[in-house]
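S.K.: 3D, please:
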Amino acid sequence: MEQTALAIEVQNLSYAYPDGHQALRGVSLALRPGDKVALVGPNGAGKSTLLVHLNGILDKQSGLINICGTELNHKTVTRVRAMVGLVFQSPDDQLFSPTVFDDVAFGPIYQGLPPGEIHARVEEALRMVHMEAYIRRVSHHLSVGEKKRIAIATVLSMKPDVLVLDEPTAGLDPRARRTLIELLRELPQTMIVATHDLPMVKELMPRTMIMDGGQVVADDQTHQILANQPLLEAHGLEMP
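M.R.: Residues are numbered from 1 along each chain as shown. Got it, this is the predicted structure:
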């Protein structure tokens, strides 16, 4: 029987910014299909830099990235970007069209899908984030919580295998945060979430990785990570 490909496989990934700052230092990790993994650590640890590598926004300088068995390179980057839905910390980085429909339709239009399929993709994506009634609304008039759900819909319309989210609960009031957590619980995709929200991690993510200094310094079941107070304190984290 053929072995199922890993959803995300990163081997020895390193990256330095043009100013010389070494953001990633030999990062390796693997996620199976359906895994939900938290990526935690102090600011400047390399979490966001790692996330934007997973769909080719930054060109890797050394190492290997495989998404669902496809190696990420210049020839495959368009295909990989369809497989990896990246949701930025600020939804305003993702929403730029006149209406919610236009924002969510952008990816399927770019893929060259026919109009009927585009409409079906938009309606399904909005249904998945419980925002069907907002299809004709103007995105920049929405609340931060509503914008974050629409931003997730913009990647769901591409039918990704993997969701990559950067600080999804940042800036949300308690009700919007709870709504988003329940939404993430419902979604079936493999998920890697960079966050400082350790109570969310405890509730939602079975596995947690700690990054610090551009490296993965711990990778274990969430309850083991969050019970290790010396480990958390050593990397600027507090027990939830």
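S.K.: use CA for all of it now, contacts and neighbours both
M.R.: Noted.
S.K.: Which residues are in contact with the residue most central in space within the chain?
M.R.: Nearest residue to the geometric centre of the chain (CA atoms, centre = their mean): residue 164, 1.4 Å. Residue 164 makes contacts with 51, 84, 85, 86, 87, 191, 192, 193, as judged by CA atoms under 8 Å, 6 or more residues apart in numbering.
S.K.: got it, and residue 121?
M.R.: 105, 108, 157, 158.
S.K.: after the helix or strand containing residue 38 comes which helix or strand?
M.R.: Per DSSP states H and E: residue 38 is located in strand 36-40. Remark: after strand 36-40, the chain's next helix or strand is helix 47-53, criterion DSSP H and E.
S.K.: Now find how far off-centre the least confident helix or strand in the chain by mean pLDDT is within its chain.
M.R.: Using mean pLDDT, DSSP states H and E, the weakest-scoring helix or strand in the chain turns out to be helix 77-83, at a mean of 91. Averaging C-alpha positions (CA atoms, centre = their mean, to the nearest Å) puts helix 77-83 14 Å from its chain's average.
S.K.: May I have it exported as PDB, CA atoms only?
M.R.: Extracted as PDB, the C-alpha positions of helix 77-83 are listed here (Å, rounded to 0.1, in the frame of the first residue of the first chain):
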ATOM      1  CA  VAL A  77       5.100  27.500  -6.800                       C
ATOM      2  CA  THR A  78       1.800  28.300  -8.500                       C
ATOM      3  CA  ARG A  79       0.500  24.700  -7.800                       C
ATOM      4  CA  VAL A  80       1.800  24.900  -4.200                       C
ATOM      5  CA  ARG A  81       0.100  28.200  -3.600                       C
ATOM      6  CA  ALA A  82      -3.200  26.600  -4.500                       C
ATOM      7  CA  MET A  83      -2.600  23.900  -1.900                       C
END
